[in-house]
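Asker: Okay, here's the prediction I keep looking at, along with the sequence it came from:
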Amino acid sequence: MTAQVPINAWHWAGFIGVILVFLALDLRVFHRFSRVIKPKEALLWSSIWFLLAMLFARGLAAWRSPGESLEFITGYFVEYSLSMDNVFAIALIFSYFGVEKRLEHRVLYWGIIGALLMRGLMIGLGAALILNFSWVLYLLGAFLVFTGIKWGFSKQEVVQPERNPIIRLARKIFPVSRGFEGHKFLTWVDGRRALTPLALVLLMVETTDLVFAVDSVPAIFAVTQNAFIVFTSNIFAILGLRSLYFVLAGAIQYFRFLKAGLSAVLVFIGAKMLIAHWYRVPTALSLCVILAITTLSIGLSVLTEWRKKKNPARR
């Protein structure tokens, strides 16, 4: 049996470097000019990111172990599933601010850069806490169960920029221009550096992503405590889902039961963490349960919408 390749700083730097190169090509070559992203193009890019994620999993199986490869895939689908609700929250933000379709890609692009930094810090902190205080896992498990139940009873959130502390702070420090100025985040107002409304949109997207990361990152720690796998699965899932945004955002009505499904996923993962001392749920079983719950909730949503369109009088 081949010895495992130890994960070191070069692997972290290499992974982040490759992702940044891909993002640079995305912005500077494929999307140099602001334009509307068509569904076919969005599906193509999402498929490319999915393929890259699976190739990465194949590499983990060869260089590390099949077990870690399975942990990566499970973590990937956990993040992918939980972040779907984040996509719909971002769609509401864009609608509230009246962002032009051609500008959405640029906001999502810089949102990914922020996600790299925020999630890297959260994962590093989480891994350090778990390594030094094993009881943190049980605390995270209880938090996920509570959050899952809360999600199950929560209603559709309303965009309220005035209640966002980051937005309020930004408005205090910088003036804000009256209208959008193309894809610019910064401009000049009365000789002072100012933010454009697009910058406020980016801040809203970043803070929304942070809120969702508080739920999704602990969920992946239920699968593995390997910070490298937690981070890479997070990033691949975010990149793929942000590409798929341009397809999903126009089909929100087809996902009416998704939030209930995601709440069930959170409760399952939290319960798994709470009983880990007595019984370790196999990673393969966790993956099957998560995929089954997510698929069932989406399937029921699509079926309900289809029946509603077929018979408009039916509620």
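Answerer: Yep, that arrived. Numbering: from 1, shown residues only.
Asker: Pull the contacting residues for the most centrally placed residue in the chain.
Answerer: Residue closest to the mean C-alpha point of the chain, counted by Cα atoms, centre = their mean, is S83 at 3.9 Å. By Cβ atoms under 8 Å, 6 or more residues apart in numbering, S83 lies in contact with F212, S216, A237, I238, L241. For every residue, glycine as well, the C-beta is placed using N, CA and C.
Asker: quick one: which of the residues you listed is most hemmed in?
Answerer: S216 (27 neighbours; other Cβ atoms under 10 Å).
Asker: quick one: contacts for that one?
Answerer: V78, E79, L82, S83, N234.
Asker: and of the residues you listed, the nearest to K150?
Answerer: L82 (13.8 Å; Cβ to Cβ).
Asker: Only the buried residues of the host helix or strand of V205, if you could.
Answerer: Counting by DSSP states H and E, the element that carries V205 is helix 197-221. Using 16 or more other Cβ atoms under 10 Å as the test for burial, helix 197-221 gives 197-209, 212-213, 215-221.
Asker: Need the contact partners of stretch 239-246.
Answerer: With Cβ under 8 Å, 6+ apart as the criterion, stretch 239-246 contacts 19, 37-39, 41-43, 45-46, 48-50, 53, 80, 83-84, 86-87, 90-91, 104-105, 108, 111-112, 248.
Asker: Oops, could you answer that again for stretch 10-27 instead?
Answerer: Residues contacting stretch 10-27 (Cβ under 8 Å, 6+ apart): R106, Y109, I112, I113, L116, F228, F231, T232, I235, L239.
Asker: any idea which element the residue nearest to the centre of the chain lies in?
Answerer: Assigned by DSSP H and E, S83 falls in helix 66-97.
Asker: For that helix, what is the distance to the chain centroid?
Answerer: 4 Å (Cα atoms, centre = their mean, to the nearest Å).
Asker: Begin at 644, not 1, for the rest of this chat.
Answerer: I'll keep to 644 as the first residue from here, and by that count the last item is helix 709-740.
Asker: Run the angle between it and helix 840-864 for me.
Answerer: Helix 709-740 and helix 840-864 meet at an angle of 150 degrees, taking axes from the mean of the first three to the mean of the last three Cα atoms, to 10 degrees as the criterion.
Asker: average pLDDT for helix 709-740?
Answerer: Averaging pLDDT along helix 709-740 yields 87.
Asker: Which positions within the helix or strand that comes right after that helix qualify as buried?
Answerer: Moving toward the C-terminus from helix 709-740, the next helix or strand (DSSP H and E) is helix 744-775. Going by neighbour count (16+ other Cβ under 10 Å), the buried part of helix 744-775 is 746-751, 753-755, 757-759, 761-763, 765-766, 769-770, 772-773.
Asker: could you point out which element follows helix 744-775?
Answerer: helix 779-796.
Asker: With only the CA atoms kept, save the next helix or strand after that next one in PDB.
Answerer: Along the chain past helix 779-796, the next helix or strand (assigned with DSSP H and E) turns out to be helix 808-816. The C-alpha trace of helix 808-816 is given here as PDB (Å, rounded to 0.1, in the frame of the first residue of the first chain):
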ATOM      1  CA  PRO A 808     -24.500  46.600  10.800                       C
ATOM      2  CA  ILE A 809     -21.900  46.400   8.000                       C
ATOM      3  CA  ILE A 810     -24.100  48.500   5.700                       C
ATOM      4  CA  ARG A 811     -24.800  51.000   8.400                       C
ATOM      5  CA  LEU A 812     -21.100  51.300   9.100                       C
ATOM      6  CA  ALA A 813     -20.200  51.700   5.500                       C
ATOM      7  CA  ARG A 814     -22.800  54.500   5.100                       C
ATOM      8  CA  LYS A 815     -21.300  56.300   8.100                       C
ATOM      9  CA  ILE A 816     -17.700  56.100   6.700                       C
END
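Asker: Can you point out the buried residues in the helix or strand following helix 808-816?
Answerer: Going down the chain from helix 808-816, the next helix or strand is strand 829-832, by DSSP H and E. Neighbour counts over strand 829-832 (16+ other Cβ under 10 Å) mark T830 as buried.
Asker: List the strands paired with strand 829-832, with their directions.
Answerer: strand 835-838 (antiparallel) (DSSP bridges).
Asker: on that earlier part again, need the max-distance pair from the contacts of stretch 653-670.
Answerer: R749 and F871 (29.7 Å).
Asker: OK, contacts around I878?
Answerer: F658, I662, A758, L759, R762.
Asker: now these in JSON lines, with distance to F740 and pLDDT?
Answerer: Converted to JSON lines, those look like this (distance: Cβ to Cβ, whole Å; pLDDT from 0 to 100):
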{"residue": "F658", "distance to F740": "33", "pLDDT": "90"}
{"residue": "I662", "distance to F740": "28", "pLDDT": "88"}
{"residue": "A758", "distance to F740": "20", "pLDDT": "82"}
{"residue": "L759", "distance to F740": "24", "pLDDT": "82"}
{"residue": "R762", "distance to F740": "24", "pLDDT": "85"}
